[in-house]
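A.B. asks: Sequence and computational prediction follow.
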Amino acid sequence: MWQILERAVLGMALLRILSGSIEIFAALLMLKANQIEKALVINSSLALVGPFVLIATTTIGLVGIADKISFTKILWILLGVAFILIGIKSR
């Protein structure tokens, strides 16, 4: 089964699985701490993980399809990711 998966797709999926595992672990830590202040600190630390995973998975995907799409389309995708990150940062 693993041989028919593209390497880029596998890498993207593994990063998302890792990200989801980190989210679940953070939720369990919040429950264990049982304090609002500590839960906010844990939640704030997750804000560092999300953008990194977004950039990493997008980069893997773009590298995987770089030979199939034009440079202009790659720039549009990167611009879209930049807008998402700016939108997240400004809240």
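C.D. replies: That came in fine, so what should we check first? Remember, it's a predicted structure, so these values are computed and weren't measured experimentally. Numbering: from 1, shown residues only.
A.B. asks: Any figure for the gap between the most centrally placed residue in the chain and S21?
C.D. replies: Taking CA atoms, centre = their mean, the centroid of the chain lies closest to V53, which sits 2.3 Å from it. Distance from V53 to S21, counting by CB to CB, to the nearest Å: 11 Å. In this view, the C-beta of every residue, glycine as well, is placed from N, C-alpha and C.
A.B. asks: go on, L29?
C.D. replies: Using CB to CB, L29 is found at 13 Å from S21.
A.B. asks: the more surrounded of these two?
C.D. replies: Set side by side, L29 and S21 show more neighbours around L29, with 15 against 10, by other CB atoms under 10 Å.
A.B. asks: mind listing the helices for this structure?
C.D. replies: For the chain, the helices defined by DSSP state H cover 7-33, 36-65, 71-89.
A.B. asks: Among these, which one carries the weakest average confidence?
C.D. replies: Within the helices of the chain, confidence is poorest for helix 71-89, with a mean of 86 (mean pLDDT).
A.B. asks: That helix packs against which elements?
C.D. replies: Judged by 3 or more CB pairs under 8 Å, 6 or more residues apart in numbering; DSSP states H and E, helix 71-89 is in contact with helix 36-65.
A.B. asks: what's the offset of the helix it packs on from the middle of its chain?
C.D. replies: 5 Å (CA atoms, centre = their mean, to the nearest Å).
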